[in-house]
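S.K.: sequence and predicted structure are below.
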Amino acid sequence: MRHFHFGHHHHHHCHSPRGEHEDGLSGGRGRHGGRGGGRVFGHGGLRFVLLQLIADKPAHGYELIKAIEDRLGGSYAPSPGVVYPTLTLLEEMGYLSVETADTGGRKRYSITASGRDFLAANRDTADAMMARMNGGVDGAGPRGGRPPQVTRAIENLKLAMRMRLSGAPLTEQQAHDFAAVLDSAAQQLERI
């Protein structure tokens with residue numbers, strides 16, 4: 001039921017291009033899988049990681065999921081329900097091109113010149129996302145070294161999200177509000 005985003009909900013902000021929130025919100029859909037969606041990379045961050053990996057080497061979607069899982073030491077794997085819509089979005093934006101599907105119908109993605117320009121324009125963000133991935137979830141890898149007050153705040157946020165998501169299902173408006181709070185926090189962190 002991917003199509004529930006589009007349709008008759010009037011309060012949806014019309015300035016958001018189709019699919020813009022997919023890699024941010026769909027983590028909620030993968031909740032029952034226990035691994036969630038874009039938790040490691042946050043809203044929109046996954047697209048930079050996918051573009052960077054594809055820029056290094058053209059790949060199929062499942063290879064990209066495996067590559068991210070391997071870099072994080074198996075502690076996290078992005079859900080296919082998050083990765084594939086993000087790849088489709090990047091393809092629609094002209095940043096990726098799809099090579100002929102193989103006999104199994106799998107698409108092999110490669111980066112376009114526009115994709116390389118987009119990566120270059122967002123080099124700081126892309127580098128930060130790759131560094132976060134190489135450092136493990138929440139930067140708690142070998143090169144983590146987080147201050148204790150930051151660790152406490154991260155755990156506090158995780159707990160608050162878990163408590164809210166394990167309660168009554170979110171309405172569509174609540175889901176938008178929930179994502180907006182997290183997106184706002186992410187933007188403020190980037191400015192520090």
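M.R.: All right, it came through fine. Model, not experiment: these values are computed from the prediction.

S.K.: show me the contacts for N156.
M.R.: Counting by CB atoms under 8 Å, 6 or more residues apart in numbering, N156 touches no other residue. All C-beta atoms are positioned from the backbone trio N, CA, C, and that covers glycine.

S.K.: check which helix or strand it maps to.
M.R.: helix 148-166 (DSSP states H and E).

S.K.: ok, then the element right after that helix?
M.R.: helix 172-191.

S.K.: show me where this structure has its helices.
M.R.: Applying DSSP state H to the chain gives helices spanning 22-29, 45-56, 61-71, 80-92, 113-121, 123-134, 148-166, 172-191.

S.K.: got the angle for the longest one vs helix 148-166?
M.R.: This points to helix 172-191. 170 degrees (axes from the mean of the first three to the mean of the last three CA atoms, to 10 degrees).

S.K.: could you give the angle of helix 172-191 to helix 45-56?
M.R.: Going by the same axes, to 10 degrees, helix 172-191 makes 60 degrees with helix 45-56.

S.K.: quick check on A168: phi, psi?
M.R.: Dihedral pair for A168: phi -60, psi 140, per degrees, to the nearest 10.

S.K.: one more: T112?
M.R.: The phi/psi pair for T112 (degrees, to the nearest 10) is phi -100, psi 170.

S.K.: okay, now it: neighbour count?
M.R.: T112: 17 surrounding residues under other CB atoms under 10 Å.

S.K.: give me the number of residues near G74?
M.R.: Neighbour tally, G74, other CB under 10 Å: 8.

S.K.: what pLDDT does it get?
M.R.: pLDDT, G74: 74.
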